[in-house]
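Asker: This is a predicted model, with the sequence first.
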Amino acid sequence: MTLLDSSSSASVAADGHVEARFGDRATRLHPQWLREQSTEPGQIEATNRQRLFTPLDVEPGLVALDAELDGNTLTVVFSDGHRCRLSVASLMQRLGWVADPEAPPAPIAWEPGAAPFPTVSWPAIAGGLDEPGVAEATVDFLGDFARYGFVIIRNTPTTEGTVAEVANHIGYIAG
């Protein structure tokens, strides 16, 4: 199913922004924002989809050089040489035009006497995501983390590097 119709278009404005029309919606997209949406190899961590670069890694004068719609994909070429293919559906989610089915759970405010605290056993989430039960336990762990802002992790090893290993389950560690 295509999200676009015959009025859909994409072009680069004189200032290097991308002007796009997706069906009956039109927008002007900043090149830095578009560059940050790239999911091309080497741009994001495969397990948690976090960027592997910071905004400081992208040249300050970044502009889009070319923009083209093909099917449900927006392809953009940037002045730093990067080329990315962006899903129109994902862009529409990021713009808030459609609901994101993978959005994290809504936060739950803390209240006096709130219990039980969210907990997880480290061995349940420590393995590879392809091991039985690990992916499900990790999704539950991250859901609780998004809802409550914390999770008590029990049965963690006391060996050097464990804190970094636990943190890598939550996000990318630079450095």
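Answerer: Happy to help now that I have it.
Asker: Now the top helix by length along the chain: buried residues?
Answerer: In the chain, taking DSSP state H as the definition, the longest helix is helix 134-148. Neighbour counts over helix 134-148 (16 or more other Cβ atoms under 10 Å) mark V134, A137, T138, F141, L142, D144, F145, Y148 as buried. Yep, even glycine has a C-beta here, placed from its N, CA and C like the rest.
Asker: swap in stretch 81-97?
Answerer: H82, C84, L86, S87, V88, A89, S90, L91, M92, Q93, R94.
Asker: Including secondary structure, could the residues you listed go into JSON lines?
Answerer: Formatted as JSON lines, the buried residues of stretch 81-97 follow (DSSP: H, G, I helix; E, B strand; the rest coil):
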{"residue": "H82", "secondary structure": "coil"}
{"residue": "C84", "secondary structure": "strand"}
{"residue": "L86", "secondary structure": "strand"}
{"residue": "S87", "secondary structure": "strand"}
{"residue": "V88", "secondary structure": "helix"}
{"residue": "A89", "secondary structure": "helix"}
{"residue": "S90", "secondary structure": "helix"}
{"residue": "L91", "secondary structure": "helix"}
{"residue": "M92", "secondary structure": "helix"}
{"residue": "Q93", "secondary structure": "helix"}
{"residue": "R94", "secondary structure": "helix"}
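Asker: picking that back up, out of the buried residues of helix 134-148, who's nearest R25?
Answerer: Checking those against R25 with Cβ to Cβ, the nearest one is L142 at 31.0 Å.
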